[in-house]
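> sequence plus the predicted model coming up.
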Amino acid sequence: MTDSAKVHLVGSIPGDSATEVFRLCTTALGDLIRTLPDGETGYRQHYIGWLGYNIYRTHPDLRVVTQPRPIDPDDPEEWRKPGEEWLSRDIDWSDFWRFRLREGVAQFTLETLGYADAAVESYAEFLRLRDAGAIPAETRFQVALPSASDGAGVVVADPEDLPLFVESYEKAMARDVARMLEVIPASDLAIQWDNVGFAIGHELERSKSRDSADPGIQPGRLTENFRQMLGRFLDIVPDDAAFGIHLCYGDFRHEHRIQPRDLGVCVLLANEALSFARRSIDWIHMPVPRGRADDDYFRPLQDMSADTRLFLGLVHHTDGVEGTARRIEVAKRHSSNFGIATECGLGRRPREQIPELMDIHRQAAELL
């Protein structure tokens with residue numbers, strides 16, 4: 001489905017509305033993309049940060065253990081704007097939303113995660129613009145959904161509660177996807193499975209390190225957990241829908257939570273997914289840090305299975321087309337067929353930078 005696409009939009013694009021995001025992307029890249037996200041507008045900004053505030057905080061069976069610090073306008077390191085008190089401020093997630101079950105509660109149910117409401121609303125606008133010719137007819141509507149390792153794992157205060165949180169999250173995600181499919185034909189849908197926790201976990205295991213701040217990471221069982229979680233997620237993805245995987249090391253104010261040594265972990269997870277999945281995987285996206293234009297970083301791509309479309313996060317606003325071109329040339333020495341993307345989503349970028357980033361994509365795509 002995405003074999004002819006030269007550009008992939010990871011999903012999170014800032015904007016006031018889905019209409020703004022759709023028009024911005026298709027005006028610049030309409031003939032280069034095959035899936036179109038609605039961005040991270042409104043309450044969905046900052047990836048999973050809003051889940052703690054919107055979904056878990058209000059649940060009667062859960063109690064708050066930690067939460068974001070209040071905004072301090074006198075602190076020179078305070079980057080949040082008024083009204084963004086629900087966002088975690090620190091990259092170590094020490095003030096992230098975390099929860100425990102209330103005393104006497106043995107299980108809890110999440111009816112929805114909010115993704116269905118957003119998708120159904122945005123799809124109506126997607127259809128309107130496509131019918132008007134503003135979106136190419138072959139473009140699918142992209143919905144990015146975090147894995148349970150991310151959407152549930154990071155909010156758990158007590159590691160013993162992790163299986164229960166994962167189960168509740170996955171059941172709610174299944175309900176959200178089912179509701180989407182009541183409105184959005186599977187043949188019009190592209191679902192992206194976002195993964196941060198597994199990439200970080202494998203990188204930590206690789207370096208013989210441990211991150212006790214993230215109970216979603218279970219050393220020694222990562223590959224097994226990845227397969228199981230992928231299998232359960234694919235159970236809710238219809239065959240006619242396109243499906244892709246975004247692998248990531250976090251994007252907190254343009255910083256990874258941990259820097260990848262090379263693409264070895266991403267290739268490992270990609271090959272695991274391709275060998276284990278019961279259906280085709282239409283694309284896999286991998287990050288490339290701005291400073292990595294060296295053969296050592298890209299060499300693991302030589303072990304990558306050819307059973308999917310690969311998108312590499314080679315595009316960076318800070319060094320533009322010139323820097324992207326350098327990274328493309330090195331990547332070509334290790335992979336013969338790939339498309340380009342940003343390293344992670346664009347949701348944390350200032351909106352005024354997005355048109356220029358789109359133009360960098362278009363110019364760099366001519367180098368493939």
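Sure, I can see it.
> the host helix or strand of Phe165 - contacts with which helices or strands?
Here Phe165 sits within helix 162-183, counting by DSSP states H and E. Judged by 3 or more Cβ pairs under 8 Å, 6 or more residues apart in numbering; DSSP states H and E, helix 162-183 is in contact with helix 115-131, strand 140-146, helix 148-151, strand 189-195, helix 222-234. C-beta: built from backbone N, CA, C; applies to glycine.
> ok, which of those comes nearest Gly244?
strand 189-195 (4.9 Å; Cβ to Cβ).
> can you give the distance of the closest one from its chain's centre?
Relative to the chain's own centre, strand 189-195 is displaced by 8 Å; criterion: Cα atoms, centre = their mean, to the nearest Å.
> give the pairing partners of it; include direction for each.
Partners of strand 189-195 in the sheet, by DSSP bridges, are strand 140-146 (parallel), strand 242-247 (parallel).
> what residues does the first one touch?
With contact meaning Cβ atoms under 8 Å, 6 or more residues apart in numbering, strand 140-146 is reached by 1, 9-12, 34-38, 47-48, 115, 119, 122-123, 126, 173, 176-177, 180, 184, 188-194, 196, 233, 242, 246, 345.
> compute the inter-axis angle for the helix or strand bottoming out on mean pLDDT in the chain and strand 189-195.
Within the chain, no helix or strand scores below helix 197-206, which has a mean of 78 by mean pLDDT, DSSP states H and E. Helix 197-206 runs at 30 degrees relative to strand 189-195, counting by axes from the mean of the first three to the mean of the last three Cα atoms, to 10 degrees.
> just the buried residues of helix 197-206, please?
For helix 197-206, a neighbour-count test (16 or more other Cβ atoms under 10 Å) marks Gly197, Phe198, Ala199, Ile200, Gly201, His202, Glu203, Leu204, Glu205 as buried.
> dump those residues into a markdown table; add distance to Arg221 as well.
Shown next, in a markdown table, are the buried residues of helix 197-206 (distance: Cβ to Cβ, whole Å):
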| residue | distance to Arg221 |
| --- | --- |
| Gly197 | 13 |
| Phe198 | 11 |
| Ala199 | 16 |
| Ile200 | 15 |
| Gly201 | 10 |
| His202 | 11 |
| Glu203 | 16 |
| Leu204 | 13 |
| Glu205 | 10 |
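> closest one of the residues you listed to Leu62?
In terms of Cβ to Cβ, no member of the buried residues of helix 197-206 lies closer to Leu62 than Gly197, at 20.1 Å.
> kind regards, and thank you for your time.
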